[in-house]
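[1] For reference, the sequence and a predicted model appear below.
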Amino acid sequence: VAKYEGRGHFRYFEQSMDDSVQTRQEIATDLRNALLNNVGLEVHFQPQVDMSGQHVIGLEALLRWQHPTRGTISPDEFIPVAEENGVIIPLGEWVLRQACRASHTWPALFIAVNVSPVQFRSSDFANRIKTIVAEEQADPTHIELEITESVLLNDDDESRHTLMALRDAGFKIALDDFGTGYSSLSYLSRFPVDKIKIDRSFIRNLGEGENSGAIVESVVRLGRAMGLTVTAEGVETEGQMAALTEAGCDEMQGYLFSRAIPQDQLPALLAKSEGNK
Ligand code: C2E
Ligand code: MG
Ligand code: MG
Ligand code: MG
């Protein structure tokens, strides 16, 4: 099958590629309906802990989708589709509302929310976020917005102003998946950021080889020097936790402590965390 792409270019797709385009369209429609009818979508929360590994300090809101016929679809699959067609904007706002409600229930914790670059660049983003949080009567200082390096890539004034407006309103800004993008470290000094989350690909081999900790150690040192909080993502073993403690990391998140869980399972987990204080 040939598809005309303009300017004299044709591209030949495999049959499966055609299916995939159709599938993506279906998924986009289904996602819109899920949001409209409020069925199948749920926000789960993954704890973030201090370096003792015992005390929960925050929760990351992570979307879960039970598709009516396809079963569970991973956000790594449906978020890109939602970004392609703009559904990510109402979807991201819906997640933010759930996060605000969770912050009423857990006032001692911060709630982290992922922000897609598409959402970030949508018109009037900062004001929309502020309005939603005000409508939900939540405290912006308890909400952490996780952005990715791609937001900082086009080093433009607009992104900087958006971040500054959110920061001024009290929101915390975290740089997610740190180290996987084109992170020129100079971005960090030009944009108002409170936290970096070291991507789990750097945590995976920690404590195994002699130099396995070098990257993590230098990120921690950099974060320290810039007054940023450093969080490690994807912590799965005691060995990784020990290496992160050694490196001087501030916070951790990963299966070693808990997966993302539905809100009704949080009380039991948090009661344990309280008991360890
Ligand atoms: P992320 O923001 O980097 O979230 C962390 C991901 O790593 C989550 O995957 C989490 O379940 C997983 N994870 C946490 N600890 C461990 C661990 O110890 N080992 C392993 N192997 N994985 C761990 P999840 O929930 O599948 O989400 C994937 C990505 O989808 C997220 O990565 C985020 O980029 C995106 N996403 C999820 N929910 C939302 C949302 O509400 N809005 C937007 N824009 N993106 C979202
Ligand atoms: Mg995240
Ligand atoms: Mg991440
Ligand atoms: Mg990610």
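    That came through fine. Ligands and ions are numbered 1, 2, ... in the order given.

[2] use CA for all of it now, contacts and neighbours both
    Fine.

[3] Next one: the residue lying closest to M226 once chain neighbours are set aside from G223, what distance?
    Nearest residue to M226, sequence neighbours excluded (Cα to Cα, 6 or more residues apart in numbering): S189, at 7.8 Å. For S189, the distance to G223 equals 11 Å [Cα to Cα, to the nearest Å].

[4] and those two? which has more neighbours close in?
    G223 (19 against 9; other Cα atoms under 10 Å).

[5] Select the longest helix from the chain.
    Secondary structure of the chain per DSSP state H: the longest helix is helix 15-37.

[6] Next SSE downstream of it?
    strand 41-50 (DSSP states H and E).

[7] Do you know the pLDDT at L206?
    We have a pLDDT of 89 for L206.

[8] And the contacts of the helix or strand harbouring A99?
    In this assignment (DSSP H and E), A99 forms part of helix 88-105. Taking contacts as Cα atoms under 8 Å, 6 or more residues apart in numbering, the residues outside helix 88-105 that touch it are 35, 43, 61, 63, 79, 82, 109-116, 118-119, 122, 129, 132-133, 136-138, 142-143.

[9] let's go with 6 Å and repeat that
    Applying Cα atoms under 6 Å, 6 or more residues apart in numbering, the external contacts of helix 88-105 come out as A82, Q119, A138.

[10] hmm, it in reach of ligand 1?
    Yes - using Cα under 6 Å from any ligand atom, helix 88-105 reaches ligand 1 at G92, V95.

[11] need the residues of the stretch 51-200 of the chain near ligand 3, please.
    Proximity of the stretch 51-200 of the chain to ligand 3 (Cα under 5 Å from the ion) is limited to residues D176, D177.

[12] Strands along the stretch 51-200 of the chain, start to end?
    56-67, 71-73, 110-114, 143-148, 172-178, 195-198 (DSSP state E, counting those that start in this stretch).

[13] Tell me which of these is the most buried.
    When the strands of the stretch 51-200 of the chain are scored by mean count of other Cα atoms under 10 Å, the highest mean neighbour count falls to strand 110-114 (a mean of 25).

[14] got the angle between that strand and strand 56-67?
    Between strand 110-114 and strand 56-67, the angle comes out at 40 degrees (axes from the mean of the first three to the mean of the last three Cα atoms, to 10 degrees).

[15] For strand 110-114, what does the pLDDT average out to?
    pLDDT averaged over strand 110-114 gives 98.

[16] Relative to the whole chain's centre, how far out is it?
    8 Å (Cα atoms, centre = their mean, to the nearest Å).

[17] if I pick G223, what's in contact with it?
    Taking Cα under 6 Å, 6+ apart, one finds nothing in contact with G223.
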